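Enquirer: Requesting a structural model of the entry that follows:
(one chain, ligands or ions: 1)
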Amino acid sequence: MKTLREYITWAEQEKIAIGHFNVATLEMVHAVIDALKIVREKTGKDIPVVLGVAEGEQDWMGIHEMSALVEEYRSQGLPVFLNADHTFTVERVQHAIDVGFDMVIFDGAKISYEDNVEKTKQVVAYARACGREILVEAELGYIGSGSDIKDSIPDGAGMMTSPEESKQFVEQTGVDLLAPSVGNIHGMVKGGNPHIDAELVKQIRETAGVPLVLHGGSGISDADITAGIKFGIGMIHVSTELRLAYRTALEESLSETTDLAPYKYLPKAHDAVRDVVVSKLELFIHYK
Ligand SMILES: [Zn+2]
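Expert: Next up, the predicted model:
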């Protein structure tokens, strides 16, 4: 099985992107894995998937438990990787590395540039010294927060990351992956998400010299996603669309039955999430 780093290199060569899906319940995990199996089978492509848990999801799901689950999938021959998505303290990132995560994101979007560089450097040093291959990602430029549905684009979001600043940040910190602000924002906006600036993606990829990760992949048009991938996006995060599918299907299911057994009313939520993941994976590898 390829390492996550090898998969990302391969994805860039193929001009496709790896799907990163946030999970907050066990049936969401199953939905992502089932989708991965379906798309691998259908396309014959050896594609991987990254399961993401940000701080709230880490606390709810348990980081030891998530790590054990991912190890189990890999022992079954499935390329499943685990990311500590948006983690705000160096200590928490280190803990995730200790329990077996493959990838971490130290989120310094709300601290000063200097502090962000300093703490990201600490994370990179810890990752390099741990004896396993850990990818470290950092976010540069503010793209808002929260996997939810917003009335409008949040204040301050949409400040585009500059190619020069990206280069400087990567050189100073030694991160493996960069999440820039290129028109993307976290969450979905009523009335439509902004467009991705594909030319800026291209410039940042060339100047920064590391693969780029697109956060806030929910609500972005298929055409913008495809253009972003063509110009240097190697991984795409999807969370809000999964939460929306889950909740909508669960509400529907609960309104239809009074059954007490969770395995009777949860399958609809599972299937809805699975279908979104299938369609995203197919989009990211240009299959549909
Ligand atoms: Zn994000």
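
Enquirer: From now on I want contacts and neighbour counts done on CA atoms only, so please keep to that.
Expert: Will do.

Enquirer: low-scoring pLDDT stretches of the stretch 151-288 of the chain, where are they?
Expert: Applying pLDDT under 70 to the stretch 151-288 of the chain picks out residues 156-158, 288.

Enquirer: Helices of the stretch 151-288 of the chain, residue ranges please.
Expert: Using DSSP state H, counting those that start in this stretch, the helices of the stretch 151-288 of the chain run over 163-173, 198-208, 222-230, 240-256, 262-265, 267-284.

Enquirer: Same list (the ones you listed) but as CSV, adding distance to residue 46.
Expert: Shown next, in CSV, are the helices of the stretch 151-288 of the chain (distance: least, CA to CA, whole Å):
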stretch, distance to residue 46
helix 163-173, 29
helix 198-208, 24
helix 222-230, 18
helix 240-256, 23
helix 262-265, 31
helix 267-284, 12
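
Enquirer: Ranking these by mean neighbour count, which comes first?
Expert: Across the helices of the stretch 151-288 of the chain, averaging neighbours per residue (mean count of other CA atoms under 10 Å) puts helix 267-284 on top, at a mean of 22.

Enquirer: helices or strands up against that helix?
Expert: Here helix 267-284 touches strand 18-22, helix 26-43, helix 222-230, helix 240-256, going by 3 or more CA pairs under 8 Å, 6 or more residues apart in numbering; DSSP states H and E.

Enquirer: rerun at 10 Å
Expert: Using 3 or more CA pairs under 10 Å, 6 or more residues apart in numbering; DSSP states H and E, the elements in contact with helix 267-284 are strand 18-22, helix 26-43, helix 222-230, strand 233-238, helix 240-256.

Enquirer: Out of those, flag the one nearest residue 177.
Expert: strand 233-238 (9.2 Å; CA to CA).

Enquirer: mind exporting that closest one as PDB, just the C-alpha atoms?
Expert: Extracted C-alpha coordinates of strand 233-238, given in PDB (Å, rounded to 0.1, in the frame of the first residue of the first chain):
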ATOM      1  CA  ILE A 233      -5.200  21.200  -5.500                       C
ATOM      2  CA  GLY A 234      -4.200  17.700  -4.300                       C
ATOM      3  CA  MET A 235      -6.700  17.200  -1.500                       C
ATOM      4  CA  ILE A 236     -10.300  18.500  -0.900                       C
ATOM      5  CA  HIS A 237     -12.100  18.700   2.400                       C
ATOM      6  CA  VAL A 238     -15.800  18.000   2.600                       C
END
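
Enquirer: Each with direction, which strands does that strand pair with?
Expert: In the sheet, strand 233-238 lines up against strand 18-22 (parallel), strand 212-214 (parallel) (DSSP bridges).

Enquirer: Mean confidence (pLDDT) on the first one, please.
Expert: Strand 18-22 comes out with an average pLDDT of 98.

Enquirer: hang on, isn't residue 128 packed against residue 94?
Expert: No: counting by CA atoms under 10 Å, no contact exists between residue 128 and residue 94, whose distance comes to 11.3 Å.
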